[in-house]
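Novice: Sequence first, then the predicted structure:
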Amino acid sequence: MKLRELALIESELERVRAEFENDSLVRSKQISFDDFYRMDSIREWNLDRNHSSKTRPSSLSFRYCCYFLVLILILAYLGRSIDFYSYRRRSQSNCLVPLPNYLQNAFVPAQDCRFCREITEIKRERSISSEEFSKKYAYTKVPVIITDAQVNWTAQQIFNFDFFKNLYLNGDKNEKDGGSPLGGKNCQFFPYKTEFHSLKQAFRMDPYRANYSIGTEPWYFGWSNCDHRIANKLRRHYGRPYFLPNDSESIRTDWIFMGTPNNGAHMHVSLEASSTDNNFSNSISNLE
C-alpha cells in the first residue's frame, strides 16, 4: 500500500476523532474519550506512533491492519456508548460515522467466482414460466437474457434523457409545491468516468452532448430514485417481470443507468448483492 494512502487513512481517523470530540454528547460528558484512550490497544498504538522509525513495524501491511483496527475499535466503542437511534434523530443522518470512498469496499466479503467457470455462453429465453425460471436461473447465479421481458411496457417509447431531465429538474424547481427534491440525502449518484458531481449537474449537460453528437464526450452515469412520487410516475411505464417467482420480493428503490453507446460501468461487485444471502437474483431491464 502506498504511503500516501496510509497518510489518508491516518488523517481520516484523526478527523473521526475530532468530530466526536466536538459532538454534543461528548461535550455533555455522556461519552468520555479519556476512557477510550485508556484502552491498552489504543495507548500502545499511540506510543508506537511516537517511536522513531527504527522501532516502528517495517511492514506496510501491518501498519495498514493497525489503522483498520483502530477504526473498528472506535466504531465498537461508540456503538456501545451511544443510543444509535437517539443519535440518528439528532443528526438526521443515516450514518453514524461517514466512511470515505477509499474505505467503502474494505469490509466487503470475498466473492466466490467458481460458479461461473463452466459458463461459456449466456442463454436467451422467451415465454419462460416462473417455475422454470426459478428452477434454472433465479437462485443458481446463472445469467440469462429474457428477450420478451418488456412486452406491453411503454417505457421503451417514453424513457429517454429528456424524459428524466424534465421529470427531475422540473420537480426540483417546484419542490415547495409538491415537486421532487433532486439529489436528496438518501439518493445515490454514480458518475463513473464523467466529470459530473451530481444528478442535477448531469442533466444540465450540453444538449449536443446529451444527444451523442459527433465530437462530444461520451458519458454514462446512474442513480437511485429515492422519491416515491417519481417512483409512482416511473412505474406507470413498466411492470413486474412476468417470469419472476410469486414468492420473490422486490426492493423499493429504482436504479436507473443511462449513457452513450458502448459505455458502461467498470467491472465491480455490487454492494447491494453482497449484503444479501445466496438467494439473490438481480433483474436488469435494458432499453435502447
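Specialist: Structure's in. What do you need?

Novice: Make sure residue 169 is actually in contact with residue 203.
Specialist: Yes. In terms of CB atoms under 8 Å, residue 169 counts as a neighbour of residue 203; the distance is 5.6 Å. The C-beta positions use only the backbone N, C-alpha and C, and glycine is treated the same way.

Novice: Show me which of the two is the more surrounded one.
Specialist: residue 203 (20 against 17; other CB atoms under 10 Å).

Novice: OK, contacts around residue 190?
Specialist: 221-223, 257, 265 (CB atoms under 8 Å, 6 or more residues apart in numbering).

Novice: can you check residue 231 too?
Specialist: 225, 252, 254.

Novice: go on, residue 142?
Specialist: 115, 119, 136.

Novice: give me the element the nearest residue in space to the first one that is not next to it in sequence is part of.
Specialist: Closest residue to residue 115 in three dimensions, ignoring its sequence neighbours and counting by CB to CB, 6 or more residues apart in numbering: residue 141, at 5.1 Å. Taking DSSP states H and E as the criterion, no element holds residue 141; it sits outside all helices and strands.

Novice: Give me the neighbour count for residue 145.
Specialist: 12.

Novice: Could you grab the helix/strand/coil label for it?
Specialist: At residue 145 the chain is in strand, as set by DSSP: H, G, I helix; E, B strand; the rest coil.

Novice: what separates the residue nearest to residue 115 from residue 152, distance-wise?
Specialist: 29 Å (CB to CB, to the nearest Å).

Novice: before we move on, what about residue 205?
Specialist: To residue 152, residue 205 is 32 Å away according to CB to CB.

Novice: who has more neighbours, the two?
Specialist: residue 205 (18 against 9).

Novice: Assumed that one was part of a strand.
Specialist: No. When classified by three-state DSSP, residue 205 is found to be coil rather than part of a strand.

Novice: Ignoring the adjacent residues along the chain, who's closest to it?
Specialist: Residue 205 sits nearest to residue 219 (CB to CB, 6+ apart), 7.0 Å away.

Novice: what's the answer for residue 233, then?
Specialist: The shortest distance from residue 233 to any non-neighbouring residue, by CB to CB, 6+ apart, is to residue 167 (6.7 Å).

Novice: what's around that neighbour, how many residues?
Specialist: 21.

Novice: Quick check: next helix or strand after the helix or strand that contains it?
Specialist: Element membership for residue 167, per DSSP H and E: helix 161-173. Following helix 161-173 in sequence order, the next helix or strand is strand 189-190 (DSSP H and E).

Novice: May I have the strands that pair with that next one, each with its orientation?
Specialist: strand 220-225 (antiparallel) (DSSP bridges).

Novice: could you give the mean pLDDT of the partner strand?
Specialist: In this model, strand 220-225 has an average pLDDT of 92.

Novice: by how many degrees do it and helix 161-173 diverge?
Specialist: Angle, strand 220-225 to helix 161-173, by axes from the mean of the first three to the mean of the last three CA atoms, to 10 degrees: 50 degrees.

Novice: can you start the count at 880 instead of 1 from here on
Specialist: Done: numbering now begins at 880, and the last item shifts to strand 1099-1104.

Novice: who touches strand 1099-1104?
Specialist: Contacts for strand 1099-1104 (CB under 8 Å, 6+ apart): 1066-1073, 1075, 1078, 1081, 1110, 1113, 1132-1139, 1142-1144.

Novice: next helix or strand past that strand?
Specialist: Next along the chain from strand 1099-1104, counting by DSSP H and E, comes helix 1107-1113.

Novice: What residues sit buried inside that following helix?
Specialist: Residues 1109, 1113 are the ones in helix 1107-1113 that count as buried (16 or more other CB atoms under 10 Å).
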